[in-house]
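*Asks:* I need the structure of the sequence given here:
(2 chains)
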Amino acid sequence: MEQAFFLILAAFAVGAALSVVVQRSPIYSAFSLIGVLVSLAALYIMLKAEFLGAIQIIVYAGAIMVLFVFVIMLLNIRKEENALDKHRYLWLLAIPFAATLIVEILYTVLKVTDIPELKDRPIIGDSQSIGYGLYTGYLMPFELTSILILLAIVGAVILARREKED
Amino acid sequence: MDIYNLIEWVVKIGIVFLIFMHALAYIVLLERRLLGFIQMRLGPNRVGPYGLLQPLADGIKFFFKEEIIPRDADRVLYMLAPIVALVPALTTISVIPFGDTVNLFGREIELSITRTNISLLVVLALTSMGVYGIVLAGWASNNKYSLMGGLRSSAQMISYELSLSLSIVGVIIFSGSLDLAEIAKEQMNTWWGIIPKWNILTQPIGFLLFLISVIAETNRVPFDLPEAETELVAGFHTEYSSMKFAIFFIAEYANMVTASAMATLLFLGGWHGPFVKDFPLLGPVYFTMKIVFFLVLYIWLRGTLPRFRYDQLMKFGWKFMIPVALANVVLVAALALFLY
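*Replies:* Predicted structure coming up:
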């Protein structure tokens, strides 16, 4: 049962991810990406990380992707111009990068053999343990990340601010 | 999982779904009649006694209307849009608890379709997906008014989702749970035996912020800019006819019911009321009454308030709602720290 659901969701995620790259129309790509994010959220939930799954949908699929779609609609881009045609060498560059990535993934998959059973750590994904982790062991990186985000917001505001006329 | 659990689930889903769908039809009738009364007219009262068969007539009409798909529409996305709008709107009802456990036919039955410890987040996640239906409809119709409607809707959603989530944080801090049923149970007791311990009394600012944001999230007056008929014909659903239009309509009203249910659970004590402890079956009755209260409020607002202008909407969202919501979070957190 669980295996079947995993396979369905995984197949959907991979298919949608392919569709993100292959689609010519940006809006189709964006909605494929939403499909990827939602199926990943479902996979998180299957791994007993319900909190993470819900947050994944709220933050990525529900907020960030709305911005993506908003920009595509605002600029009204119906078809993507083939930007890669002008830079053919990028195609050549893609091959070693893809090869490296595949080797890395294969290495991890083949090397890591003793995967801890989910049953042994049943509460790893709930809101309490995540909150506890964020405010104890990972307090420093957590706070530093929030400062980073704050800086990014300030930067965006400064960039977007209109110059005074005088 | 034994067979009885399965039967219980199927029966619960069936009953809730049936009641929900019929309620949606009758909310439309309620809205049309109440708006009529507000505007000094009668509203639809011809079909059946007091117009009670009007939803049926509307349904038949929708089915037999001609289905028109614009020639230059993006057919795939055009077909997909109503589905994307409807599915999250109807799915949210599955995690909303409408009562305590009751004893029926010798079984302990929980009065909610399913229960998770993050049901609040599930509702937020699903409602945040609902916007894509509107956005897709606006995009796929290949119509400038639809596109404007979809554009406005996405901007509005991003703006008001922030204050919506922040207004709930106060409730979460006080109840210490993301489970809607737990949050409702926290509000079960009373002060001095009469005044209920509802969150609306402890967090009036949070409640007002929630109410305003949720009206904006459901695209209702005075935040109905995605379908502002004075400027955008009908907004995102301009090119939709027949059942596809009806599906958008159903989704909107389903979202209204979900929003009212959330307001009830988070701030008005959910299904709690007098004598519920002795007769748990009263729970759903109180719950429904509170939801109807919010729905009537929605309709009343629609009959009373004019629509925001777009820049006012954005200014109000970013420069008023979010700062107040942030201040409220700080205030509630400080209070929780000192009181407990």
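
*Asks:* Where does chain B get nearest to chain A, which residue?
*Replies:* Proximity of chain B to chain A (Cβ to the nearest Cβ) peaks at B:Ser128, 2.9 Å away. (Each C-beta comes from the backbone N, C-alpha and C, glycine too.)

*Asks:* quick one: that residue and B:Glu161 touch, right?
*Replies:* Yes. Using Cβ atoms under 8 Å, B:Ser128 is in contact with B:Glu161, at 6.2 Å.

*Asks:* Now B:Ser112. Nearest residue, chain neighbours left out?
*Replies:* B:Pro97 (3.7 Å; Cβ to Cβ, 6 or more residues apart in numbering or on different chains).

*Asks:* Could you look up the SS state of the one you found?
*Replies:* Judged by DSSP: H, G, I helix; E, B strand; the rest coil, the three-state class of B:Pro97 is coil.

*Asks:* Find me the pLDDT at it, would you?
*Replies:* Per-residue pLDDT puts B:Pro97 at 85.

*Asks:* Is it correct that it is in contact with B:Ala181?
*Replies:* Yes. The criterion here is Cβ under 8 Å, and B:Pro97 meets it with B:Ala181 at 4.1 Å.

*Asks:* Identify the contacts common to those two.
*Replies:* B:112, B:115, B:119, B:270 (Cβ atoms under 8 Å, 6 or more residues apart in numbering or on different chains).

*Asks:* which element is the first one on?
*Replies:* When elements are assigned from DSSP states H and E, B:Ser112 belongs to no helix and no strand.

*Asks:* Spit out the contact partners of it.
*Replies:* B:95-99, B:181.

*Asks:* So which of those residues is the closest to B:Ser242?
*Replies:* Lowest distance from B:Ser242 to the contacts of B:Ser112 (Cβ to Cβ) belongs to B:Ile96, with 30.1 Å.

*Asks:* which SS class is the closest residue to the closest one other than its chain neighbours?
*Replies:* Excluding the flanking residues, the one nearest B:Ile96 by Cβ to Cβ, 6+ apart is B:Ala261, at 5.1 Å. Secondary structure assignment for B:Ala261 (three-state DSSP): helix.

*Asks:* Pull the number of nearby residues for B:Ala261.
*Replies:* Burial of B:Ala261 is recorded as 23 neighbouring residues (other Cβ atoms under 10 Å in any protein chain shown).

*Asks:* okay, it: pLDDT?
*Replies:* pLDDT recorded at B:Ala261 is 89.

*Asks:* measure it to B:Asp2 for me?
*Replies:* From B:Ala261 across to B:Asp2, the span is 30 Å (Cβ to Cβ, to the nearest Å).

*Asks:* And for the helix or strand B:Lys61 falls within, what's in contact with it?
*Replies:* Assigned by DSSP H and E, B:Lys61 falls within helix B:54-64. The contact list for helix B:54-64 (Cβ under 8 Å, 6+ apart) reads B:25-26, B:28-29, B:32, B:44, B:46-48, B:242-243, B:245-246.

*Asks:* continuing past that helix, what's the next helix or strand?
*Replies:* With elements assigned by DSSP H and E, the helix or strand that comes after helix B:54-64 is helix B:75-91.

*Asks:* after that following helix comes which helix or strand?
*Replies:* Next in line after helix B:75-91, if elements are assigned by DSSP H and E, sits strand B:102-104.

*Asks:* What residue in chain A comes nearest to chain B?
*Replies:* Closest approach between chain A and chain B, counting by Cβ to the nearest Cβ: A:Gly62, at 2.9 Å.

*Asks:* Go ahead and confirm that residue touches B:Gly130.
*Replies:* No. With contacts counted by Cβ under 8 Å, A:Gly62 stays clear of B:Gly130, the gap being 9.3 Å.

*Asks:* State the number of residues packed around A:Leu148.
*Replies:* By other Cβ under 10 Å, the residues close to A:Leu148 number 10.

*Asks:* Ok, B:Leu178 next?
*Replies:* With other Cβ under 10 Å as criterion, B:Leu178 counts 23.

*Asks:* Wait, it touches B:Val169, no?
*Replies:* No. Counting by Cβ under 8 Å, B:Leu178 stays clear of B:Val169, with 11.0 Å between them.

*Asks:* Contacts only, for the spatially most central residue of chain A.
*Replies:* Centroid check for chain A by Cα atoms, centre = their mean gives A:Leu37 as the closest residue, at 6.5 Å. With contact taken as Cβ under 8 Å, 6+ apart, A:Leu37 is in contact with A:56-57, A:60-61, A:65.

*Asks:* Could you say which helix or strand holds it?
*Replies:* Here A:Leu37 is assigned to helix A:26-46, by DSSP H and E.

*Asks:* could you check the angle helix B:75-91 makes with that helix?
*Replies:* 30 degrees (axes from the mean of the first three to the mean of the last three Cα atoms, to 10 degrees).

*Asks:* circling back: give me the common contacts of B:Ser128 and B:Glu161.
*Replies:* Residues touching both B:Ser128 and B:Glu161 (Cβ under 8 Å, 6+ apart): A:62-63.

*Asks:* Near chain B, which residues of chain A are found?
*Replies:* A:27-28, A:31, A:34, A:38, A:41, A:50-51, A:54-55, A:57-58, A:61-63, A:66-67, A:69-70, A:73-74, A:76, A:126-127 (Cβ under 8 Å from any Cβ of the partner chain).

*Asks:* Residues of the stretch 1-150 of chain B that sit close to chain A?
*Replies:* Going by Cβ under 8 Å from any Cβ, the residues of the stretch 1-150 of chain B near chain A are B:77, B:116-118, B:121-122, B:124-126, B:128-129, B:131-132, B:135-136, B:138-139, B:147, B:150.

*Asks:* if we can go back for a sec, buried set for the helix holding A:Leu37?
*Replies:* Going by neighbour count (16 or more other Cβ atoms under 10 Å in any protein chain shown), the buried part of helix A:26-46 is A:26-45.

*Asks:* Ok, stretch B:215-225 next?
*Replies:* Neighbour-count burial for stretch B:215-225, counted by 16+ other Cβ under 10 Å, picks out B:215-225.

*Asks:* Same question for stretch B:59-72.
*Replies:* For stretch B:59-72, burial by neighbour count (16+ other Cβ under 10 Å) applies to B:62, B:70.

*Asks:* distance between the ends of that stretch?
*Replies:* Start and end residues of stretch B:59-72 are separated by 28 Å (Cα to Cα, to the nearest Å).

*Asks:* Same check on stretch B:295-315?
*Replies:* End-to-end distance for stretch B:295-315: 27 Å, by Cα to Cα.

*Asks:* got the buried residues for stretch A:8-19?
*Replies:* Across stretch A:8-19, burial judged by 16+ other Cβ under 10 Å covers A:9, A:12-13, A:16-17, A:19.

*Asks:* Take those residues and write them to JSON lines, including secondary structure.
*Replies:* JSON lines is the format used below for the buried residues of stretch A:8-19 (three-state DSSP):
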{"residue": "A:Leu9", "secondary structure": "helix"}
{"residue": "A:Phe12", "secondary structure": "helix"}
{"residue": "A:Ala13", "secondary structure": "helix"}
{"residue": "A:Ala16", "secondary structure": "helix"}
{"residue": "A:Ala17", "secondary structure": "helix"}
{"residue": "A:Ser19", "secondary structure": "helix"}
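
*Asks:* and the gap between the nearest residue to B:Ser177 once chain neighbours are set aside and B:Leu326?
*Replies:* Excluding the flanking residues, the one nearest B:Ser177 by Cβ to Cβ, 6+ apart is B:Ile183, at 5.9 Å. With distances taken as Cβ to Cβ, B:Ile183 is found 21 Å from B:Leu326.

*Asks:* Which parts of chain A are strands?
*Replies:* Counting by DSSP state E, chain A has no strands to list.

*Asks:* and if you look at the stretch 101-250 of chain B?
*Replies:* Assigned strands in the stretch 101-250 of chain B, in chain order: B:102-104, B:107-109, B:190-191, B:195-196 (criterion: DSSP state E, counting those that start in this stretch).
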